[in-house]
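Asks: Using only what follows, build the 3D model:
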Amino acid sequence: MSRFEQFTLSVFCITHYWNKIATEKMKAYHLKGTYGFYLILLAGAEEDMTAARLSELTLRDKADISRAVAQFQKQGLVKVDETRRYRAPIVLTEKGRMLAEQIQKEANEALEIAGAGLSENMRVDMYQALFIISSNLKSLYEERKGRG
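Replies: Residues are numbered from 1 along each chain as shown. Modelled structure (predicted):
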């Protein structure tokens, strides 16, 4: 198997099974699997999180973020100043914060199981390597997009 095939299949496999696990877990909360990650990001935000910023961080389109925020509001998980639209901070309610903490706990447990057999050094190196690869691919994309 070529380096490209191995890398691509590994990333696809990780994404595929992570999404299946997240979707299964989020069913209990009547939410889509990806929405759990949005709640975790909202809970961990050190500054105001807007729909535009959430879209930027997750690489998801604004329509998906808007649907998620609308669902969160319906369930009483967030508060949003409707008059400001995409520029309005999305603020977790106490119920939303508790749910985000539960999801984060479950995600950490899944990562422990997924990382079984990795030493701490291997884990640190892996995350550093993934960060470098993703940053380089982003730069390559933006460079080529700028030329085309």
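
Asks: so who does the most centrally placed residue in the chain touch?
Replies: In the chain, the centroid-proximal residue (CA atoms, centre = their mean) is residue 37; its distance is 4.0 Å. By CB atoms under 8 Å, 6 or more residues apart in numbering, residue 37 lies in contact with 22, 58. Glycine gets a C-beta too; all of them are placed from N, C-alpha and C.

Asks: same question, residue 87
Replies: Residue 87 sits next to 50, 52 when contact means CB under 8 Å, 6+ apart.

Asks: that older thread, figure out the helix or strand that the residue nearest to the centre of the chain lives in.
Replies: Secondary structure from DSSP states H and E places residue 37 in helix 33-44.

Asks: Next SSE downstream of that helix?
Replies: helix 51-58.

Asks: domain assignment for the protein?
Replies: Per automatic domain parsing, the structural domains of the chain span 18-116, 118-148.

Asks: For stretch 56-74, what is the distance to the chain centroid?
Replies: 11 Å (CA atoms, centre = their mean, to the nearest Å).

Asks: could I get that stretch in PDB with only the CA atoms?
Replies: Provided in PDB are the C-alpha atoms of stretch 56-74 (Å, rounded to 0.1, in the frame of the first residue of the first chain):
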ATOM      1  CA  GLU A  56     -14.600  28.300  10.700                       C
ATOM      2  CA  LEU A  57     -13.300  26.000  13.500                       C
ATOM      3  CA  THR A  58     -15.200  22.900  12.400                       C
ATOM      4  CA  LEU A  59     -14.900  23.400   8.600                       C
ATOM      5  CA  ARG A  60     -18.700  23.000   8.400                       C
ATOM      6  CA  ASP A  61     -20.900  25.200   6.400                       C
ATOM      7  CA  LYS A  62     -22.900  28.000   8.100                       C
ATOM      8  CA  ALA A  63     -26.200  26.300   7.200                       C
ATOM      9  CA  ASP A  64     -25.200  23.200   9.300                       C
ATOM     10  CA  ILE A  65     -24.100  25.400  12.200                       C
ATOM     11  CA  SER A  66     -27.400  27.300  12.000                       C
ATOM     12  CA  ARG A  67     -29.400  24.100  12.100                       C
ATOM     13  CA  ALA A  68     -27.400  22.900  15.100                       C
ATOM     14  CA  VAL A  69     -27.800  26.200  16.900                       C
ATOM     15  CA  ALA A  70     -31.600  26.200  16.200                       C
ATOM     16  CA  GLN A  71     -31.800  22.600  17.600                       C
ATOM     17  CA  PHE A  72     -29.800  23.700  20.700                       C
ATOM     18  CA  GLN A  73     -32.100  26.600  21.300                       C
ATOM     19  CA  LYS A  74     -35.200  24.400  20.900                       C
END
